[in-house]
Each structure stands twice: as structure tokens, then as C-alpha cells.
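[1] predicted model, plus sequence, below.
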Amino acid sequence: MTEDSQRNFRSVYYEKVGFRGVEEKKSLEILLKDDRLDTEKLCTFSQRFPLPSMYRALVWKVLLGILPPHHESHAKVMMYRKEQYLDVLHALKVVRFVSDATPQAEVYLRMYQLESGKLPRSPSFPLEPDDEVFLA
């Protein structure tokens with residue numbers, strides 16, 4: 001028996017017993033080895049198959065646009081994102097919208113409001129219905 005027929009036998013067997021992840025993991029690894037990740041293929045793959053937990057965060061960050069498709073810029077972009085987070089957090093503390101005692105969900109809401117240009121003039125203004133949903 002050749003190596004290829006053994007592999008096919010195994011993959012058919014795994015599919016019958018419900019373990020479909022063997023070939024999909026290899027396919028995903030091939031997709032992730034490219035210098036420039038193909039977001040269309042990653043999107044299609046993530047819709048058709050479950051993502052292994054070891055690659056899930058990376059794939060979703062690329063698909064959501066948090067990370068660029070080029071591998072060599074991932075570390076630099078994450079450094080910029082962390083700096084951006086710290087700058088926005090510092091700005092909110094300076095204008096006294098948040099403090100160290102503010103719940104994390106409210107901090108994220110205020111960061112979102114500041115980034116989207118919807119920060120109210122005062123922290124005492126009542127929250128909009130969309131803001132209530134954000135906090136929930």
C-alpha cells in the first residue's frame with residue numbers, strides 16, 4: 001500500500017467517526033504559510049470548517065482587519081495597536097471620563113465613543129440606548 005492510499009484511508013475513517021479536523025488543519029497551515037495571507041480563502045475556510053484553537057485568534061484578527069495580511073508586519077502593527085490603546089486610555093483619564101476604578105466594560109465603551117467621535121460632552125450625560133447594548 002502506498003503512503004497516499006493510507007492517508008486517504010485514514011481521512012475517510014476519521015470522517016466516518018466524526019473527526020474531520022485532520023486534513024483541514026493541514027489545509028489551514030498551507031494557507032497560513034503564504035507570505036501574504038489570502039483573506040478570501042481564509043474567510044471561505046472559516047465558514048466551511050471549524051478553526052483549530054491554535055490558529056483561531058490569528059485568523060480572526062486578519063479577517064477582521066486588526067492585523068494586515070502580511071506576516072512581516074504583524075508584530076509592528078500589534079505594537080502600534082497597543083500604543084493606540086494606551087494613548088486613548090490616557091486621554092480618557094485626562095478628561096476624567098474614566099479612572100482606575102471604572103469597570104472595564106465602561107472603559108471600552110468610552111474608548112469606542114472617543115474613536116468614533118460620539119463621546120458626550122460630560123460623563124454625567126445619560127447613556128444612549130446603543131451604549132446600553134454595548135455595555136450589556
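    Arrived safely.

[2] make it CA atoms for all contacts and neighbour counts henceforth
    Noted.

[3] can you pull out the helices in this structure?
    Ranges of helices in the chain, per DSSP state H, are 3-17, 21-33, 39-48, 53-63, 74-94, 104-116, 129-135.

[4] any chance of those in a markdown table, plus mean neighbour count, distance to Ser122 and mean pLDDT?
    Listed next are those as a markdown table, based on neighbours: other CA atoms under 10 Å; distance: least, CA to CA, whole Å; pLDDT from 0 to 100:
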| stretch | mean neighbour count | distance to Ser122 | mean pLDDT |
| --- | --- | --- | --- |
| helix 3-17 | 12 | 58 | 58 |
| helix 21-33 | 14 | 46 | 80 |
| helix 39-48 | 14 | 41 | 90 |
| helix 53-63 | 14 | 33 | 93 |
| helix 74-94 | 14 | 11 | 96 |
| helix 104-116 | 15 | 11 | 94 |
| helix 129-135 | 12 | 15 | 91 |
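
[5] so which of those comes closest to Pro123?
    helix 104-116 (9.2 Å; CA to CA).

[6] the closest one packs against which elements?
    helix 74-94, helix 129-135 (3 or more CA pairs under 8 Å, 6 or more residues apart in numbering; DSSP states H and E).

[7] outside of that helix itself, list whatever touches it.
    Helix 104-116 is contacted from outside by Val88, Leu89, Leu92, Phe97, Val98, Leu119, Asp131, Phe134, Leu135, using CA atoms under 8 Å, 6 or more residues apart in numbering.

[8] kindly recompute the last result at 10 Å.
    85, 88-89, 91-93, 97-101, 117-120, 123, 131-132, 134-136 (CA atoms under 10 Å, 6 or more residues apart in numbering).
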